[in-house]
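Next input, structure requested:
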Amino acid sequence: MSKQIEFFFDVGSPATYLAWTQLPALAARHDADLVYRPMLLGGVFQATGNQSPATIAAKGAYTRDDFQRFARRYGVTLNHNPYFPINTLQLMRGAEALRGTHQFEPYLNAIFTAMWIDEQDMNQPEVVGRVLAAAGLDPAALMEQLGDPEVKQRLKETTEEAVRRGVFGAPTMFVDGEMFFGQDRLQFVEEKLAACH
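This next block holds a predicted model:
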């Protein structure tokens, strides 16, 4: 069996965005598969009693500064979205609907860029529609898929699985059964992959 990184994520998390900018190259360095596992961070918070660092003023301010340190280290742009926090239910259903298709990566790229570089208000369906259309995706076709009971159920089940496996926030990665929480733990993810045979 090939090595893999399971990546439990929600696009509404700036830490998830930072991890996403690094994980494909990290996986490639170790000949590992990056397995995307869309989940609802709000559902995870509800189930675990956890909450965003942004809910505590001092912690939120520190975390924003810390994310900028990592953005500089990674050589990527991260802007504070003035509309944060964003309800990502529809966006994550979109990720689940497109997972496993050739549209998945363009979709994630468009959503992450709109949210964490272009500071778009992704709470607004018309804004999301424009972002998707600009990325060459069909917003109307995707809207139909968002209502698919199977898509809704898969996202719900992945969120429940994440909680069962000890996930309390995003991003969370699993390598060979070991859990790593946070984009600041990628070095440990890399060490674990290097140790896997």
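
Now F84: closest residue in space, sequence neighbours ignored.
Distances taken as CB to CB, 6 or more residues apart in numbering place A54 nearest to F84, at 7.0 Å, with adjacent residues excluded. Quick note: C-beta positions are derived from backbone N, CA and C, even for glycine.

same deal with A133?
Nearest one to A133, counting by CB to CB, 6+ apart, is P139 at 5.7 Å.

where does the protein have its least confident helix or strand?
helix 139-146 (a mean of 91; mean pLDDT, DSSP states H and E).

and it, which residues are buried?
With burial defined by 16 or more other CB atoms under 10 Å, the residues of helix 139-146 counted as buried are 139, 142-143, 146.

could you point out which element follows that helix?
Later in the chain than helix 139-146, the nearest helix or strand by DSSP states H and E is helix 149-164.

Name all residues that make contact with the residue nearest to V163 when sequence neighbours are not counted.
Excluding the flanking residues, the one nearest V163 by CB to CB, 6+ apart is A47, at 4.5 Å. By CB atoms under 8 Å, 6 or more residues apart in numbering, the contact list for A47 reads 159-160, 163.

so can I have TSV of those showing pLDDT, distance to G182 and neighbour count?
Rendered in TSV, the data for those read as follows (pLDDT from 0 to 100; distance: CB to CB, whole Å; neighbours: other CB atoms under 10 Å):
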residue	pLDDT	distance to G182	neighbour count
T159	98	18	24
E160	98	21	15
V163	98	17	16
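
Convert the C-alpha atoms of the lengthiest helix in the chain to CSV, please.
Assignment by DSSP state H gives helix 57-74 as the longest helix of the chain. The C-alpha trace of helix 57-74 is given here as CSV (Å, rounded to 0.1, in the frame of the first residue of the first chain):
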residue,chain,number,x,y,z
ALA,A,57,-9.5,38.4,21.5
ALA,A,58,-5.9,37.9,22.7
LYS,A,59,-5.6,34.5,21.2
GLY,A,60,-7.2,35.6,18.0
ALA,A,61,-4.8,38.5,17.6
TYR,A,62,-1.8,36.3,18.4
THR,A,63,-2.9,33.6,16.0
ARG,A,64,-3.3,36.1,13.1
ASP,A,65,0.3,37.3,13.7
ASP,A,66,1.5,33.7,13.9
PHE,A,67,-0.2,32.8,10.6
GLN,A,68,1.6,35.7,9.0
ARG,A,69,4.9,34.3,10.2
PHE,A,70,4.1,31.0,8.6
ALA,A,71,2.8,32.6,5.4
ARG,A,72,6.2,34.4,5.1
ARG,A,73,8.0,31.1,5.8
TYR,A,74,6.0,29.3,3.2
